[in-house]
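> coordinates only, sequence not included:
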Ligand SMILES: [Mn+2]
């Protein structure tokens, strides 16, 4: 069985004010070519199909085009789940109808997870699709006291394993933060404050686990528990990462070997550091001027229209940082690492600046609760 694993497409993403739909269309075209070439038996999309719960029209059209090619031109069964950015109900629309065309979309979590069965010459492989789910929803549907993502995953896995045929080949598709995984800056945290990681040992009985959520392509332990990583680089912290698509060959016994294929983005995402004078000399090693660029300027004094100057050489410069530059009027001690802070840290830093008082633990908890509620209501829960 040949499995193509992908996740975190984030269709409709806006990055530093730039709509990435054209870049996403460009790379999905290559993905479709790869599918045509390699003819996998099944395609897995492990969540975060869209970047937000109500995606823009262009993103919906792009998904429609891509799935039509995969399912109608090449007739490859496809299994998709929703991630923490997707709206479970909207993603679920028409899912029963589309099953007829071998498109299995699982937007909403349900207590009894039915496997999608796909055959190869050796027999069936059971694919268990588990969309992203809040612990509170699992608590309600299972009627057990659970409070964390880890406890929720434990209960869900026990439930799946109670009916799973251990002598058959089984694959799990899910969207979660697995312990041991390395995060990037473009993932939206699953919980505000507290831990959202789940233990990887729950996944031990599966022959392959296709994970989504973490945007860096990576294995957890062996070859068979893996994050495909996001379709593209979605933050400057990912500039040095190599995104790729894992293609998994599963043998008769369920052992896997994995090959990864790199796709070429329309524009790469790069970080450049130096003095303005040197940066204005342009790319020195044949890099494209059209790439999306973040510049860290080492100059100390004031520079008139730094962005205009840099953009005359690199038109798609999206962000300039000036860590050395402290203006005479700036008395606020702003942490230059604010890009790396999560929303709670950002807010408490803002609070401190405005009031000159540290936030209390109670205030922090109240803030986290409010943001969680807001996130959930945006997802329609
Ligand atoms: Mn994601």
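Perfect, thanks for sending it. Everything numeric in this text was worked out from a predicted model, so none of it was measured. Residues are numbered from 1 along each chain as shown.
> So which residues of the stretch 201-350 of the chain form helices?
Under the criterion DSSP state H, counting those that start in this stretch, the stretch 201-350 of the chain contains helices at 276-279, 306-313, 343-355.
> neighbours around residue 116, how many?
The local packing of residue 116 (other C-beta atoms under 10 Å) involves 20 other residues. Where C-beta positions appear, they are placed from N, C-alpha and C, glycine not excepted.
> what's the answer for residue 378, then?
Residue 378 - counted by other C-beta under 10 Å - has 13 other residues nearby.
> before we move on, what about residue 189?
The burial count for residue 189: 17, using other C-beta under 10 Å.
> quick one: the residue nearest to it when sequence neighbours are not counted from the ion, how far?
Nearest non-adjacent residue to residue 189, counting by C-beta to C-beta, 6 or more residues apart in numbering: residue 342, 5.9 Å away. Distance of residue 342 to the ion, given as C-beta to the ion, to the nearest Å: 15 Å.
> same question, residue 346
20 Å.
> Surely that residue is in contact with residue 338?
Yes: counting by C-beta atoms under 8 Å, residue 346 does reach residue 338; the two are 6.4 Å apart.
> Near the ion, which residues of this structure are found?
Residues of the chain found near the ion (C-beta under 5 Å from the ion) are 8, 48.
> switch the cut-off to 6 Å
For the chain, the residues in contact with the ion under the definition C-beta under 6 Å from the ion are 8, 10, 48, 83, 85, 187, 213.
> Let me know the closest of the residues you listed to residue 300.
Taking C-beta to C-beta as the measure, residue 300 lies nearest residue 187 of the residues of the chain next to the ion, at 34.5 Å.
> for the chain, which spans come out with low pLDDT?
For the chain, applying pLDDT under 70 flags the ranges 193-194, 326-336, 380-381.
> Domain-wise, how is it divided?
If you go by automatic domain parsing, the domain ranges for the chain are 2-261, 268-325, 339-381.
> for the ones you listed, which one ends up most surrounded?
Of the domains of the chain, the one with the most neighbours on average (mean count of other C-beta atoms under 10 Å) is domain 2-261, at a mean of 19.
> Quick check: which element contains the spatially closest residue to residue 106 that is not a sequence neighbour?
Counting by C-beta to C-beta, 6+ apart, residue 106 lies nearest to residue 129, which is 4.2 Å off, once chain neighbours are set aside. Applying DSSP states H and E as the criterion places residue 129 in strand 123-130.
> Give the pairing partners of that strand; include direction for each.
Strand pairing for strand 123-130, determined by DSSP bridges: strand 116-120 (antiparallel), strand 169-175 (parallel).
> right, and the helix or strand after that strand?
Following strand 123-130 in sequence order, the next helix or strand is helix 135-142 (DSSP H and E).
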